[in-house]
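> this one's sequence-less:
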DNA sequence: CTTGACTCTCCAGCTATAAAGAGACTCTAA
DNA sequence: TTAGAGTCTCTTTATAGCTGGAGAGTCAAG
């Protein structure tokens, strides 16, 4: 019985305002298993530890970097198993770069196709009865 | 009663195999109003005109170029009103290029952030009890 | 004791584009 | 006449990440 003033746990609204997320989102994360509560109050209210804030910061950061909640959960599982997740995260972020490169490549190809198409565009071509828009013919 | 052998309309399976789309997709398009049937057979089967093939080609092409079905429907509405949709389509494709540019820009920024982060990555840093992954600290 | 803020669970919906399946009906060829 | 292929409508599912509401229970202040 040493410390005085150690909170038994935050209620969800407090965690929401401290983290900047909505109550709904926090419940959603808890349902997914991303954000375990330390328990429930007598009345059934979720109680969260201070550590939840760091966890949410971690989630937010990886989400910003484009990882899915599922991937983030996998990272957290490594952490929760007591291991440093850094190596795991590094690999995932590397894959994320590859995904991004693939997307950029696709977008660039599409952009080029669009631009070439528009380069030869005739906004008012002769009406061809069979074709909806003659410019689109390949 | 001049012509002989003019088909009264294709059934959906024929249109599916000729267009390369699935029956499900064609029904979906018809429900959306993208692909009007010319009517129904006595037994209630959808009947499609030859023109449906051109319409589907048009849809397929604009979808490939990244327009949504809703935008495509707007283009088709212009066509169905008896006007040439080319000018309309040109504008939409121009906007599509802008959208793509925006996406590419976002992806490049994200890629840069990821790469900078990984450049200084330590896969096995000293364990900091408070932080899940020290590399992610901003 | 009351009031109002907070929280609970459960259910529905949103974006877009279909796919999957159930149960019934139709059509065609042998 | 019958088998089997095709088609019908209607409902549900999928993805991802939430958001909103209903109706009921909890809690702290006055």
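Done, it's in. These numbers come from a predicted model, not from an experiment. Numbers count the residues shown, from 1 in each chain, chains lettered A, B, ... in the order given.

> So in chain A, which helix runs the longest?
For chain A, the helix with the greatest residue count under DSSP state H is helix A:86-119.

> which residues of chain A fall in strands?
In chain A, the strands defined using DSSP state E lie at A:39-40, A:46-47.

> any residues touching the last one, and which ones?
Meaning strand A:46-47. Strand A:46-47 is touched from outside by A:8, A:9, A:10, A:11, A:12, A:27, A:30, A:37, A:38, A:39, A:40, A:41, with contacts defined as C-beta atoms under 8 Å, 6 or more residues apart in numbering or on different chains. Quick note: C-beta positions are derived from backbone N, CA and C, even for glycine.

> Could you rerun that using 10 Å?
With contact meaning C-beta atoms under 10 Å, 6 or more residues apart in numbering or on different chains, strand A:46-47 is reached by A:7-12, A:14-15, A:23, A:26-27, A:30, A:35-41, A:52.

> Just give me the residue right at the centre of chain A.
Note on chain A: the residue nearest the mean C-alpha position is residue A:63, at 3.5 Å, using C-alpha atoms, centre = their mean.

> ok, so what distance separates that one from residue A:91?
Look at residue A:63 and residue A:91: by C-beta to C-beta, to the nearest Å, they are 18 Å apart.

> Close to DNA strand C: what parts of chain A are there?
A:11, A:12, A:13, A:14, A:16, A:23, A:27, A:44, A:45, A:46 (C-beta under 7 Å from any atom of the strand).

> Who wins on neighbours among those?
residue A:46 (21 neighbours; other C-beta atoms under 10 Å in any protein chain shown).

> So for that residue, what's the pLDDT?
At residue A:46, the predicted lDDT confidence score is 97.

> Any idea what it is bridged to?
residue A:40 (DSSP bridges).

> and it, how far is that from residue A:23?
10 Å.

> between those two, what contacts are shared?
Here residue A:46 and residue A:23 share the contacting residues A:11, A:12, A:15, scored by C-beta under 10 Å, 6+ apart.

> Closest one to DNA strand D out of those residues, please.
residue A:11 (8.5 Å; C-beta to the nearest atom of the strand).

> give the contact list for that closest one.
Residue A:11 is in contact with A:23, A:37, A:41, A:43, A:45, A:46, A:47, A:48, counting by C-beta under 10 Å, 6+ apart.
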